[in-house]
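Trainee: return a 3D structure for these sequence lines:
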Amino acid sequence: LDSNKIDTMLIELAQIEADINALRRRITELEEEVMRIKKDNQSLLGELQRTRTDVDQETLNRIDYQNQVQTLLEEIDFIRRVHEQEIRELQSLAARDTTPENREFFKNELASAIRDIRAEYDQITNVNRTDMESWYRLKVQEIQTQSARQSMEHGYAKEEVKRLRTQLADLRGKLADLEGRNSLLEKQIQELNYQLEDDQRSYEAALNDRDAQIRKMREECQALMVELQMLLDTKQTLDAEIAIYRKMLEGEENRAGLRQLVEQVVRTHELSQHDDTEMMRIVKGEAASRTSFQRSAKGNELTDFKSDAKYAFMLGMLTASVFMVNSVTAVDHKLIVMIKSQHSLQEAAADGTFVVLQNTHRAKEEMIGEWKLKRKIDGKKEIVYTMPRDFILRPGKSVKIVARGHGISSPPEQLVFDGEDTFGIGSNVQTILYSRDGEERATHIQRSSQA
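Mentor: Reported below is the predicted structural model:
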C-alpha cells in the first residue's frame, strides 16, 4: 500500500514538474513577447518623436512661408506705393500739360498700366496664397492622420502589455501554488521512506528474534537428541553384554558350544561389518542423525530407529568382547557439523575428495568471494582453499569443491581446488569456513575412534 502510494505521488510529482516546466516556458515566451512589444513601443515612440519633430519643422516652415508672404505683401505694397508715386508724378506732369488730348492719352495709358500691374500682382498673390494654403492643409492632415494612427497603436500596445502582465501574474501565482504542492509531496515521500525504513528495521529485528528463538529451540532439541542417542547406545551396550553373557552361560557346560558361538559371531561380523556413523548437524539449529534416525514426510520429526545400525553396533560390541578369538574391531566414526550463519558445510567426503558448501537461506544470496575454507587434519596438517573473487552463492544452492583430479570446474555448481589432489584424511578432521574478515561462519568435524 505504501509502495503504491509512493508510486502515485511520484507520478503526481512528475506531472506537477511537467506543468511547472510548461508554465516556465510559457512565462519565458510571455516575457519575450513583452520585450518585443516594448521594442515596438520604443520604435513607435521614436517614430512619434520624429513626427513631432517634423510637425515642428513644418510649423517653422509655415512661419517662414508666412514671413515670405508678408515680405511679398510688403514688397507689393512698396511697389504699389512706388507706382502710385510715379502715377502722381505722371499726373503732375500731365497736369502741367495743357493739351487736353495729351492729358487724356496719358491718363488712359496710366490707368491701363495700373490695371495691368494690379491684375498681375493680384494673380501672383492669389497663386501663392492658394499654393501655401493647400500645402499647409495637406501637411496638417498628414500629421493629424499619422498622430492618430500612432496614438491608436500606442493604445493597443498598452492594452497588450496590461493583458500580458495580468497573465504573467496569474502564471506566477499558479507556479507558486505548484511549487508549494511539490514541496509538500516531496516531504510526504521523505516521511514515507522513513516509515518504510523503520518498518524494515522492525521486520528484520522480528526475523532475527524469531531465528534466535528457532536456533535456541533446535539447540535444545539437538541436546535432547544427543542425550537420547547416548541412552540408546547405553541400552544397546547393556543388551549386547547381557546377550553375550547369556550365550556364555548357556554354553558353559559345553566347550564346543562356546567355540561354535565365537565362530558364528566372527562369520556374522565378516558379513555385516559396518561403520556406525553418527552425524549430528546443526543447520540454523536443525539436528539430524543419518544412521540412527530418519525423518518423517514433514522433515521435522524423528520417527524410526534403523535396526541395521543397531545390529551393526551390537555386532561391534560383541566382536570387541571376544577380541581374543578374533582381533577384528569396528571403527566408530562421529561427524559433527556446526553452522554459525546461513551457510552450511553440507558434506565432506571421508576420503578427502570433495567438500560441499550450501547457502541455507531461502531468499538471501551471499557474496563469498575470497572466503577461506581451512581443513585441519589431526591438529598437524592444514589445507587452505580460497573461494574465487566475486563468487555468489544463490539462496538454497550449494557448490561442490573437488580436489585436483577428481572433477572439472563448472561454476557455480562445482569448483576445483588446484592446490591439492586431496583435502586430506585422518582420525580428527576439522573443516572450517572463514569470511573475508576472518570470522568463523561454519564448522565441520569428522572424528574416527577405535571402539
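
Trainee: next one: residue 245 from residue 233, what distance?
Mentor: With distances taken as CB to CB, to the nearest Å, residue 245 is found 19 Å from residue 233. C-beta coordinates here come from the backbone N, C-alpha and C atoms, glycine included.

Trainee: so how far is the host helix or strand of residue 142 from its chain's centroid?
Mentor: Per DSSP states H and E, residue 142 falls inside helix 100-250. The chain centroid and the centroid of helix 100-250 are separated by 24 Å under CA atoms, centre = their mean, to the nearest Å.

Trainee: rewinding a little: the more surrounded of residue 245 and residue 233?
Mentor: The residue with more neighbours, out of residue 245 and residue 233, is residue 233; 17 against 11, by other CB atoms under 10 Å.

Trainee: so what pLDDT did that one get?
Mentor: Note for residue 233: predicted pLDDT of 86.

Trainee: same check on residue 374?
Mentor: We have a pLDDT of 90 for residue 374.

Trainee: cool, residue 9 as well?
Mentor: On pLDDT, residue 9 comes in at 82.

Trainee: surely it is in a helix?
Mentor: Yes - counting by DSSP: H, G, I helix; E, B strand; the rest coil, residue 9 is found in a helix.

Trainee: is it true that it touches residue 190?
Mentor: No - Residue 9 is not in contact with residue 190 according to CB atoms under 8 Å; the separation is 10.7 Å.

Trainee: and the two? which has more neighbours close in?
Mentor: Taking other CB under 10 Å, residue 9 and residue 190 do not tie; residue 9 has more neighbours (16 against 10).

Trainee: separation between that one and residue 184?
Mentor: Distance of residue 9 to residue 184, computed by CB to CB: 10 Å.

Trainee: and if you look at residue 126?
Mentor: For residue 126, the distance to residue 184 equals 87 Å [CB to CB].

Trainee: can you check residue 395 too?
Mentor: Residue 395 sits 41 Å away from residue 184, going by CB to CB.

Trainee: what is the strand ranked longest in the chain packed up against?
Mentor: The strand spanning the most residues in the chain, taking DSSP state E as the definition, is strand 440-450. Under the contact criterion of 3 or more CB pairs under 8 Å, 6 or more residues apart in numbering; DSSP states H and E, strand 440-450 touches strand 331-339, strand 343-348, strand 428-434.

Trainee: ok, that strand: who's next to it in the sheet?
Mentor: Applying DSSP bridges to the sheet, strand 440-450 is found paired with strand 331-339 (antiparallel), strand 428-434 (antiparallel).

Trainee: in the stretch 351-451 of the chain, where is pLDDT below threshold?
Mentor: 448-451 (pLDDT under 70).

Trainee: in it, which spans are strands?
Mentor: Counting by DSSP state E, counting those that start in this stretch, the stretch 351-451 of the chain has strands at residues 354-359, 366-367, 372-377, 381-386, 392-393, 398-403, 414-417, 428-434, 440-450.

Trainee: tabulate those (CSV), appending mean neighbour count and distance to residue 229.
Mentor: Listed next are those as CSV, based on neighbours: other CB atoms under 10 Å; distance: least, CB to CB, whole Å:
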stretch, mean neighbour count, distance to residue 229
strand 354-359, 22, 24
strand 366-367, 16, 32
strand 372-377, 19, 26
strand 381-386, 15, 31
strand 392-393, 17, 32
strand 398-403, 20, 27
strand 414-417, 20, 34
strand 428-434, 20, 20
strand 440-450, 17, 15
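
Trainee: could those go into JSON lines alongside distance to residue 135?
Mentor: Formatted as JSON lines, these follow (distance: least, CB to CB, whole Å):
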{"stretch": "strand 354-359", "distance to residue 135": "108"}
{"stretch": "strand 366-367", "distance to residue 135": "101"}
{"stretch": "strand 372-377", "distance to residue 135": "113"}
{"stretch": "strand 381-386", "distance to residue 135": "111"}
{"stretch": "strand 392-393", "distance to residue 135": "101"}
{"stretch": "strand 398-403", "distance to residue 135": "111"}
{"stretch": "strand 414-417", "distance to residue 135": "112"}
{"stretch": "strand 428-434", "distance to residue 135": "114"}
{"stretch": "strand 440-450", "distance to residue 135": "112"}
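
Trainee: among those, which comes closest to residue 45?
Mentor: strand 366-367 (75.4 Å; CB to CB).

Trainee: and that closest one, which strands flank it?
Mentor: Checking strand 366-367 against DSSP bridges gives partners strand 392-393 (antiparallel).

Trainee: now do the residue lying closest to residue 415 once chain neighbours are set aside against residue 423, distance only.
Mentor: In this structure, residue 415 finds its nearest non-sequential neighbour in residue 401, 4.9 Å apart by CB to CB, 6 or more residues apart in numbering. Separation of residue 401 from residue 423 (CB to CB): 8 Å.

Trainee: which residues do those two both contact?
Mentor: By CB atoms under 8 Å, 6 or more residues apart in numbering, residue 401 and residue 423 have these common neighbours: 354, 355, 417.

Trainee: got TSV for the residues you listed, with distance to residue 18 too?
Mentor: Shown next, in TSV, are these (distance: CB to CB, whole Å):
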residue	distance to residue 18
354	60
355	58
417	59
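
Trainee: which one of those is nearest to residue 83?
Mentor: Taking CB to CB as the measure, residue 83 sits nearest to residue 417 out of these, at 145.4 Å.

Trainee: distance of the residue nearest to the closest one when sequence neighbours are not counted from residue 237?
Mentor: Once flanking residues are discounted, residue 417 sits nearest to residue 385: 4.9 Å by CB to CB, 6+ apart. Going from residue 385 to residue 237 by CB to CB gives 40 Å.
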